[in-house]
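[1] let me see the structure of the following:
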Amino acid sequence: MDSVHQVISQSAALNKTVDNAASKSEAFHCNTGYLMNALGLFLQFLLAVLAFTSLILKRFCEPKYERRPWKIWFFDTSKQAFGAAVIHFANVFLADVFRGDPCTWYIVSFLLDSTIGILIIYLGLKITQLIVHRRKMETLYFGEYGTPPQCSSWVGQCGLYILVMILEKILMTGLIQFSFWEDVRKIIMSPVKDPKVELVIVMFVVPLVINAFIFWVVDNFLKRNTKNTKTIYVSDDDHSVRYNRSESTARLYNRIERVEDGDSDIILTDDDPDVRHRRNDSTEDLIS
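    Numbering: from 1, shown residues only. Down below sits the predicted model:
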């Protein structure tokens, strides 16, 4: 009988030792609530600003004849901003729900969203656009907001994009339930022993680099498809192209002499006597 009690005591002591070791190990990492503390919130704000700035840079990297007006650009990019916010706060919430270090759970979720998830988002957007084009639901054509641009079109497209993001998050949450992610979680940040350093890495350093790349890629999914077309956005101060404002049409020539009168209310045609340069086969009628 004494031997039984002795075995039980040894077992309890061993379990206590294991628990203490696990507790000390977890003490080196961030705990529940760390992601939403003052440092965590500051890092999230800074990440959002810098990641969104990459989209401003992308706009200026676009060819001038494809560069979107600021209003169209804002409609396109704000859809992505709302979708990214949904995924981000879902990851923050789930990281605190799962057992263990929330920082490592967050980075695992983020990396899944940035790899497998981006493929699911691409397929989801392609499928939804196939459906809306077949049903001719023009307000849901990504990147097309009417003339002049309508907020109602933006609301519909933004809602459709967020719906795709929610579906992606549900699938990734199911995938992360497999037990092997527990081992991945323990290995992935094991060299880091300072919880603040870990927080900076998982909430700022890694997401900044990856988000900047993903924002550029996804922006191409969400803006107007200009493949096989030459699209130009004409402004009143650009006199190298004449256009008709009432019809929102413009005809672009490879070489047009700059006009002196600044009149932008007429449209050039092949019959205009002032046109001294022929169109070649690559010139097309353009609609802004």
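
[2] may I see the buried residues of stretch 182-198?
    Using 16 or more other C-beta atoms under 10 Å as the burial criterion, the residues of stretch 182-198 that qualify are 185, 188-189, 192, 195, 198. The way it works is simple: take the backbone N, C-alpha and C, and place the C-beta from them, glycine included.

[3] output stretch 89-106 in CSV with nothing but the alpha carbons.
    Only the C-alpha atoms of stretch 89-106 are listed here, as CSV (Å, rounded to 0.1, in the frame of the first residue of the first chain):
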residue,chain,number,x,y,z
PHE,A,89,-8.7,41.3,-36.0
ALA,A,90,-10.0,37.7,-36.6
ASN,A,91,-6.4,36.5,-36.2
VAL,A,92,-5.9,38.6,-33.0
PHE,A,93,-9.1,37.2,-31.5
LEU,A,94,-8.3,33.6,-32.5
ALA,A,95,-4.7,33.9,-31.2
ASP,A,96,-6.1,34.7,-27.7
VAL,A,97,-8.7,31.9,-27.9
PHE,A,98,-6.2,29.1,-28.7
ARG,A,99,-4.2,27.6,-25.8
GLY,A,100,-0.6,28.8,-25.5
ASP,A,101,1.4,31.8,-26.6
PRO,A,102,-0.9,34.0,-28.7
CYS,A,103,2.0,35.6,-30.6
THR,A,104,3.0,32.3,-32.1
TRP,A,105,-0.6,31.4,-32.9
TYR,A,106,-0.9,34.8,-34.6
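
[4] quick one: contacts of that stretch?
    26, 29-36, 109-110, 113, 169, 173, 176, 182, 185-186, 188-189, 195, 198-199, 202-203 (C-beta atoms under 8 Å, 6 or more residues apart in numbering).

[5] same check, this time on stretch 177-189
    Here stretch 177-189 makes contact (C-beta under 8 Å, 6+ apart) with 29, 100-101, 103-105, 107-108, 198, 201-202.
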